[in-house]
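> prediction below, plus the sequence it came from.
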Amino acid sequence: MRVAPGLTRPLVVRSTLVGDPGDLISRLPGTAPYAWIRRGEGLVAWGEAARVTVPPGPGRFEWARDRLSEIFDQAHVDDDVRAPGSGPVAFGSFTFDPDSPGSVLVVPRTILARRGGRAWLTTIGEELLDPVAPIRDPGRIRYGDGSLTAPEWEHAVAQAVRRIRSGRLAKVVLARDLTAVAERPIDVRLLLSRLAARFPECYAFSCAGLVGATPELLVRHTGETIESLVLAGTTARGTGTADDVARGAALFASEKDRQEHACAVESVRETLGPLCAELKVPEEPELLVLPNVQHLATPVTGRLTAGISVLDVVAAMHPTAAVGGTPTRTALEVIRELEGMDRAGYAGPVGWVDARGDGEWGIALRCAQISGSRARLFAGGGIMAGSDPAAELAEAQAKIRVMQYALEG
Ligand SMILES: C=C(O[C@@H]1C=C(C(=O)O)C=C[C@H]1O)C(=O)O
C-alpha cells in the first residue's frame, strides 16, 4: 500500500453535497482520470491518495479488501452525504487471469458524484485546484494485429470447437486483441465522453489506463441488495427495423445462443446462491439492444445473508461463464493455450468500492488499455459446439468497433 506524497495517514476525508455539476466527464482535469458513469450518473475522480498494488495469485480479492480496510478504517471521515459512493472510495481493476500482474486499487484524492438527483464532492487532504486542461484529439489512428492475425484467431476458434465436440468442455470464451497507434497522446476524457454519449445504457469506465463502455454489470452492491446483468449470446444490429427485429427474434430462438446464455446464468446462480438469502433469476432472458450489437440478457437480483463487501461478491463471481467458460477451470486452460496473449484487465472486474462495502463492478468489455499514444483493444465471444469461426470473428469485430469509435469518433 502506498500513500501519496504530501498526504498524512490517517487520510482526512470530507464529503459534501454540491449543486448540479453538469456533465461529470467535463469536470475531469486530464491526467489519470477515473470514471464509472451510466446515463449521466456515477462517479468521476482524479488524483491519488493511496494505491494498493495487488499481487497475482489466489485470494487476491480478499488480500486487496484487507489492505483497503486498513486504509478506510483508519481514515478520519466527515460525510454529510451518507450514500453509496460517499466518503472514501477506491476504484479498481483486476486482471482476468488471477496469475497475471496488474491488478490495482486506487483511492483518488477528489471524487465528484451524482446519484438519484443529488451530487457531492469528496476530497482527501487539502483541497487542490485542478485546472481542466482542454481535450486534444489524438489525430490519425493506425491499427495492427495483436497476438494473432484474423486467420490465426479463426483457427484458434476452430480448435476450441474441436475441444468442445470432444467433450472436454461445454463453452469457452475466446478473445483477440488489436493494437492502435495515434499521432498524439490519447486523452482518456475524449474516449469517455464519446462512449458515454453513444452508449448511455453501458457503464463508461476508466481505471489505471483501462477505458471502455461495458454493458455487463458483474455486481452492484447497495446495503443488502445485489444486482447483476448476465450477458451471453450476441447478434448484429439489422440494416433496417424489420431486419433488426428479425435478427433479435432469431437470437432469442437460437438453441446455440440460448445454451451459451444458460451456461453464463448458471455460473452466476451457483456463485451467488450460497451468498444470498433470496435470489431472483428470471426463467427467460431479455433482449438488450445496443447501438452495435444485440445480446441475450438476464437481470439477477438478490439479498445477501451476511454483511459482506462487494469485493467478496466479485471474488466469488469472477470469472463468470460469460467471459471464461464451462467448466471454469478447463475453460481457463483452453484460453491460456489458444489465445496466445495476456488479457490483462480485459474481461476482468472493474469498478469501485466504498468504506461500507457498497460498490459497482462491471466486466471490463468493449475496452482498451491506453498508454500514451498507444492502445490495445480487446473483444471476444463465447464458443460452443456449433460455433462458426468466421461468424465469431465478425462478432468480435462488431464489439471492437466500440473502441474504434471512441478513438476516432
Ligand atoms: C467477450 C465479450 O462479450 C461477452 C460475450 C458475449 C457473447 O459471446 O455473446 C456477450 C456478452 C459478453 O458477455 C466481449 O465483448 O469481448
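Structure received. Numbers count the residues shown, from 1 in each chain.

> hey, where'd the strands end up in the stretch 301-409 of the chain?
Using DSSP state E, counting those that start in this stretch, the strands found in the stretch 301-409 of the chain span residues 325-326, 349-354, 359-363, 367-371, 374-383.

> ok, which of the ones you listed comes nearest residue 175?
Comparison of the strands of the stretch 301-409 of the chain against residue 175 by Cβ to Cβ identifies strand 374-383 as nearest, at 2.7 Å. Using the backbone N, CA and C atoms, a C-beta is placed for each residue, glycine as well.

> list the strands paired with the closest one, with their directions.
Using DSSP bridges, strand 374-383 pairs in its sheet with strand 171-182 (antiparallel), strand 367-371 (antiparallel).

> distance between that strand and the chain's centre?
How far strand 374-383 lies from its chain's middle: 13 Å, per Cα atoms, centre = their mean, to the nearest Å.

> start at 17, not 1
Right, with 17 as the first residue, what we last looked at is strand 390-399.

> what about that strand, average pLDDT?
Across strand 390-399, the average pLDDT comes to 98.

> if we can go back for a sec, just the strands paired with strand 390-399: most buried one?
Stretch with highest mean neighbour count among these: strand 383-387 (a mean of 24; mean count of other Cβ atoms under 10 Å).

> briefly note if it comes near the ligand.
No. Strand 383-387 does not reach the ligand (Cβ under 6 Å from any ligand atom); its nearest approach is 8.4 Å.

> then stretch 170-180?
No. Remark: stretch 170-180 sits outside contact range of the ligand, by Cβ under 6 Å from any ligand atom, the gap being at least 11.6 Å.

> quick check: longest helix of this structure.
Counting by DSSP state H, the longest helix found in the chain is helix 405-424.

> how about that helix: buried residues?
405, 408-409, 411-423 (16 or more other Cβ atoms under 10 Å).

> ok, now stretch 296-307?
297, 301, 303-306.

> among those, which lie within strands?
Assigned to strands by DSSP state E, the following of those qualify: 303-305.

> next, format the strands paired with strand 390-399 as TSV and append mean pLDDT and distance to residue 288.
Listed next are these as TSV, based on pLDDT from 0 to 100; distance: least, Cβ to Cβ, whole Å:
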stretch	mean pLDDT	distance to residue 288
strand 187-198	98	19
strand 383-387	98	24
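
> between those, which one is nearest to residue 156?
strand 187-198 (7.2 Å).

> list the contacts for the most centrally placed residue in the chain?
Nearest residue to the geometric centre of the chain (Cα atoms, centre = their mean): residue 380, 2.7 Å. For residue 380, the contact set (Cβ atoms under 8 Å, 6 or more residues apart in numbering) comprises 109, 221, 226, 228, 230, 361-366.

> closest one of these to the ligand?
Using Cβ to the nearest ligand atom, residue 363 comes nearest to the ligand of these, at 6.2 Å.

> what residues are up against that closest one?
Taking Cβ under 8 Å, 6+ apart, we find residue 363 in contact with 112, 189, 191, 335, 339, 379-381, 394, 396.

> neighbour-wise, give me the winner out of those.
Tallying neighbours with other Cβ atoms under 10 Å puts residue 380 at the head of the contacts of residue 363, with 32 neighbours.

> what's the separation between the residue lying closest to that one once chain neighbours are set aside and residue 356?
Closest residue in space to residue 380, ignoring its immediate chain neighbours: residue 366 at 4.2 Å, by Cβ to Cβ, 6 or more residues apart in numbering. As judged by Cβ to Cβ, to the nearest Å, residue 366 and residue 356 stand 23 Å apart.

> these two: which is more packed in?
residue 366 (30 against 14).

> nearest to residue 315, of the strands of the stretch 317-425 of the chain?
Nearest to residue 315, of all these, is strand 375-379, at 14.1 Å by Cβ to Cβ.

> what inclination does the closest one have with respect to strand 365-370?
180 degrees (axes from the mean of the first three to the mean of the last three Cα atoms, to 10 degrees).

> what about the residue nearest to residue 66 when sequence neighbours are not counted, how many residues nearby?
Spatial nearest neighbour of residue 66, chain neighbours left out: residue 123 (4.3 Å); criterion: Cβ to Cβ, 6+ apart. Residues lying near residue 123 (other Cβ under 10 Å) number 30.

> surely residue 123 is in contact with residue 64?
Yes. Using Cβ atoms under 8 Å, residue 123 is in contact with residue 64, at 7.4 Å.

> wait, residue 192 sits on residue 167?
No. The criterion here is Cβ under 8 Å, and residue 192 misses it with residue 167 at 11.4 Å.

> using CSV, lay out the buried residues of stretch 296-307 together with pLDDT.
Formatted as CSV, the entries for the buried residues of stretch 296-307 read as follows, by pLDDT from 0 to 100:
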residue, pLDDT
297, 98
301, 98
303, 98
304, 98
305, 97
306, 97
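
> list the contacts of residue 54.
Contacts of residue 54 (Cβ under 8 Å, 6+ apart): 216-220.

> report the beta-bridge partners for it.
residue 57.

> got a pLDDT number for it?
Confidence score, pLDDT, at residue 54: 98.

> same check, this time on the one 4 residues further on
The per-residue pLDDT reported for residue 58 equals 98.

> could you report the distance from it to residue 271?
37 Å.

> quick one on the thing from earlier: closest to residue 323 out of the buried residues of stretch 296-307?
Using Cβ to Cβ, the buried residues of stretch 296-307 come closest to residue 323 at residue 297, 22.8 Å.

> any idea how far that closest one is from the ligand?
Separation of residue 297 from the ligand (Cβ to the nearest ligand atom, to the nearest Å): 16 Å.

> picking that back up, intersect the buried residues of helix 405-424 with the contacts of the ligand.
Near the ligand, by the rule Cβ under 6 Å from any ligand atom, you find residue 415 out of the buried residues of helix 405-424.

> closest one of the buried residues of helix 405-424 to the ligand?
Taking Cβ to the nearest ligand atom as the measure, the ligand lies nearest residue 415 of the buried residues of helix 405-424, at 4.2 Å.

> and that closest one, what does it touch?
250, 308-309, 381-382, 395-397.

> between those, which has the most around it?
Counting neighbours by other Cβ under 10 Å, residue 382 leads the contacts of residue 415 with 31 neighbours.

> pretty sure that one sits against residue 228.
Yes. Using Cβ under 8 Å, residue 382 makes contact with residue 228 at a distance of 4.9 Å.

> tell me, what's touching the two both at once?
418-419.

> how far away is the residue lying closest to residue 194 once chain neighbours are set aside from residue 169?
Distances taken as Cβ to Cβ, 6+ apart place residue 393 nearest to residue 194, at 4.6 Å, with adjacent residues excluded. Distance of residue 393 to residue 169, given as Cβ to Cβ: 13 Å.
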